[in-house]
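Enquirer: Need a 3D model of the following:
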Amino acid sequence: MHIFRKIEVALAQAGAQLEDVIRTRMFVTNIDDWEKVGRAHAEFFQKIRPAATLLQVSRLIDPQILVEIEADAILAAPG
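Expert: Modelled structure (predicted):
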């Protein structure tokens, strides 16, 4: 959940909220973790249903990092 909370903070700093997220990409180094990551995604976003992709990668920049998550959000134009 730590990653999702960081995403939520970054969204708030940009003037966005979770409801503005339209897509997430989750990169895991072990595809066997797909269910845990997917469950955390569902628990965090709850009724918000962004398009989601989960991919296995051979490694991330730091060997201790097992999951990386990207989120795309669209903000309505002011006014």
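Enquirer: State the distance from the residue nearest to the spatial centre of the chain to residue 11.
Expert: The geometric centre of the chain, computed from its C-alpha atoms, lies nearest to residue 69 (C-alpha atoms, centre = their mean), at 4.2 Å. The spacing between residue 69 and residue 11, counted by C-beta to C-beta, to the nearest Å, is 13 Å. C-betas here are computed from N, CA, C, even on glycine.
Enquirer: With residue 58 instead?
Expert: Distance check for residue 58 against residue 11: by C-beta to C-beta, it reads 29 Å.
Enquirer: more neighbours, these two?
Expert: Counting neighbours by other C-beta atoms under 10 Å for residue 58 and for residue 11 shows that residue 11 has the greater number, 18 against 5.
Enquirer: backbone phi and psi for that one, please?
Expert: In this entry, residue 11 is assigned phi and psi values of phi -60, psi -50 (degrees, to the nearest 10).
Enquirer: In this structure it contacts residue 19, no?
Expert: No - counting by C-beta atoms under 8 Å, residue 11 stays clear of residue 19, with 9.5 Å between them.
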